[in-house]
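Peer 1: Model the structure of this input:
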Amino acid sequence: MAILLSRNDALDTHPPAGDQYLTSNGSNWLFAVAALFGFSTLVFFALKFKARAGERFFHYIFIIASLVGLIAYYAMASDLGWDVVPQANSVDRSGLFRQIFWAKYVFWVVEFAAIVLALGVLSGISWATIIYNIFLSWIWIIGYLVAAYTPSNYKWGFFAFGFLGHLFLLYSTMVHSMKSANRVGIKRDYLMLAGWTNFLWLLYPIAWGLTDGGNYLGVVAGFIWFGILDLLLLLGVGFAIVALSRRWDYHRLNIAFTQYGRVPTSAGTFPEKEVPSHAPASSTPAGTTTAV
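Peer 2: This next block holds a predicted model:
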């Protein structure tokens, strides 16, 4: 019991490094965010039992994403998953070296892809477009990761490449996908979810430019900003989709699943619920053949 109630000694076990680094208060904040993701994982898991058979697709997506959020924030709170990177603008208040936590970017690879997948399936766009959007989100994140590890002002070139992928993703989710969502009769819900998502996504470049990019804000301030954004994005969109999904027509959205796989819209039935038909016995004598 003493172990559970002891103070946070993560930084004593894993000491930070650099001029801009994680502090004890920052570690406490990250443990709090990890706890919220852990609790949300259990809630998403429990809610899937209330969903109708074949309608747990969105629950599975956000169970996985929340679980990865728990792991990533636990690692960062424990002062793990980072490197010390020299900063280009380190003359004044910013310091010479900064802790860059790559675990944060690993989480974004899963988090952003989960959001893109959920919005794509909801809108009714093709699987090819969904895959395209997922890769755009990965280009965005990888561009930021490479930029964060670049010790010179050439980092802003990688930032621009990632931001270009971000703009393509914004167009795809707000214009192309909106037309598809209108076609399947879910435009209002999709507009709310995609609008909230893209609003938060527009705050990520600002936060990155002031933290890992420009090094104007410290590591702890950056984690406070990104922690709030991640919670609002993943949990806000996740719980909204799970709550709204109870009123959606999964057949019209063509996302009804059974033990036999995905049910086509034209079928509209679940194969395992059909009563098997028994063909009448053949009158052809045994040992004879019929012409084809």
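Peer 1: Can you list the buried residues in stretch 233-241?
Peer 2: For stretch 233-241, burial by neighbour count (16 or more other C-beta atoms under 10 Å) applies to 233-235, 237-238, 241. C-betas here are computed from N, CA, C, even on glycine.
Peer 1: Could you dump these into JSON lines and include pLDDT?
Peer 2: Below are the buried residues of stretch 233-241 laid out as JSON lines (pLDDT from 0 to 100):
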{"residue": "233", "pLDDT": "97"}
{"residue": "234", "pLDDT": "97"}
{"residue": "235", "pLDDT": "97"}
{"residue": "237", "pLDDT": "97"}
{"residue": "238", "pLDDT": "96"}
{"residue": "241", "pLDDT": "94"}
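Peer 1: which one of these sits closest to residue 96?
Peer 2: Nearest to residue 96 among the buried residues of stretch 233-241 is residue 233, at 32.3 Å by C-beta to C-beta.
Peer 1: Report the separation between the most centrally placed residue in the chain and residue 50.
Peer 2: Central residue of the chain (C-alpha atoms, centre = their mean): residue 111, 1.8 Å from the mean position. Separation of residue 111 from residue 50 (C-beta to C-beta, to the nearest Å): 24 Å.
Peer 1: the longest helix in the chain is where?
Peer 2: Counting by DSSP state H, the longest helix found in the chain is helix 24-47.
Peer 1: now the strands for the stretch 151-292 of the chain?
Peer 2: Here the stretch 151-292 of the chain has its strands, by DSSP state E, counting those that start in this stretch, at 257-258, 261-262.
Peer 1: State the next helix or strand along the chain beyond the host helix or strand of residue 70.
Peer 2: Taking DSSP states H and E as the criterion, residue 70 maps to helix 57-77. Using DSSP H and E, the helix or strand that follows helix 57-77 towards the C-terminus is strand 82-86.
Peer 1: Show me what counts as buried in that next one.
Peer 2: Going by neighbour count (16+ other C-beta under 10 Å), the buried part of strand 82-86 is 82, 85.
Peer 1: Report all helices and strands that whichever strand or helix holds the residue nearest to the centre of the chain contacts.
Peer 2: If you go by DSSP H and E, residue 111 is part of helix 102-123. Packed against helix 102-123 by the contact rule (3 or more C-beta pairs under 8 Å, 6 or more residues apart in numbering; DSSP states H and E) you find helix 57-77, strand 82-86, helix 127-148, helix 177-183, helix 187-208, helix 219-230, helix 236-244.
Peer 1: Take the ones you listed and write them to TSV, including distance to residue 36.
Peer 2: Formatted as TSV, these follow (distance: least, C-beta to C-beta, whole Å):
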stretch	distance to residue 36
helix 57-77	9
strand 82-86	21
helix 127-148	22
helix 177-183	29
helix 187-208	16
helix 219-230	9
helix 236-244	12
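Peer 1: so of those, which one's packed in deepest?
Peer 2: helix 57-77 (a mean of 22; mean count of other C-beta atoms under 10 Å).
Peer 1: correct me, but residue 253 touches residue 186?
Peer 2: Yes: here residue 253 reaches residue 186: they are 7.0 Å apart, a contact under C-beta atoms under 8 Å.
Peer 1: Which neighbours do these two have in common?
Peer 2: 122, 124 (C-beta atoms under 8 Å, 6 or more residues apart in numbering).
Peer 1: List the contacts of stretch 13-27.
Peer 2: Counting by C-beta under 8 Å, 6+ apart, residues outside stretch 13-27 touching it are 8, 10-11, 30, 76-80, 82, 84, 87, 90, 94-99, 215, 218-220, 223-224.
Peer 1: Quick one: mean pLDDT for it?
Peer 2: Averaged across stretch 13-27, the pLDDT comes to 93.
Peer 1: And for stretch 116-126?
Peer 2: The average of the pLDDT scores along stretch 116-126 is 92.
Peer 1: Show me where this protein dips below the pLDDT cut-off.
Peer 2: Where the chain drops to pLDDT under 70, the residues are 1-6, 53-54, 89-95, 254, 256-292.
Peer 1: got the contact list for stretch 118-126?
Peer 2: By C-beta under 8 Å, 6+ apart, the list of residues contacting stretch 118-126 from outside reads 57-58, 61-62, 129-130, 133, 173, 176-178, 180-181, 183-184, 186, 189-190, 193-194, 197, 237-238, 241, 248, 253-255.
Peer 1: do that again at 7 Å, thanks
Peer 2: With contacts defined as C-beta atoms under 7 Å, 6 or more residues apart in numbering, stretch 118-126 is touched by 57-58, 61, 129-130, 133, 173, 176-177, 180-181, 183-184, 186, 190, 193-194, 197, 241, 253-255.
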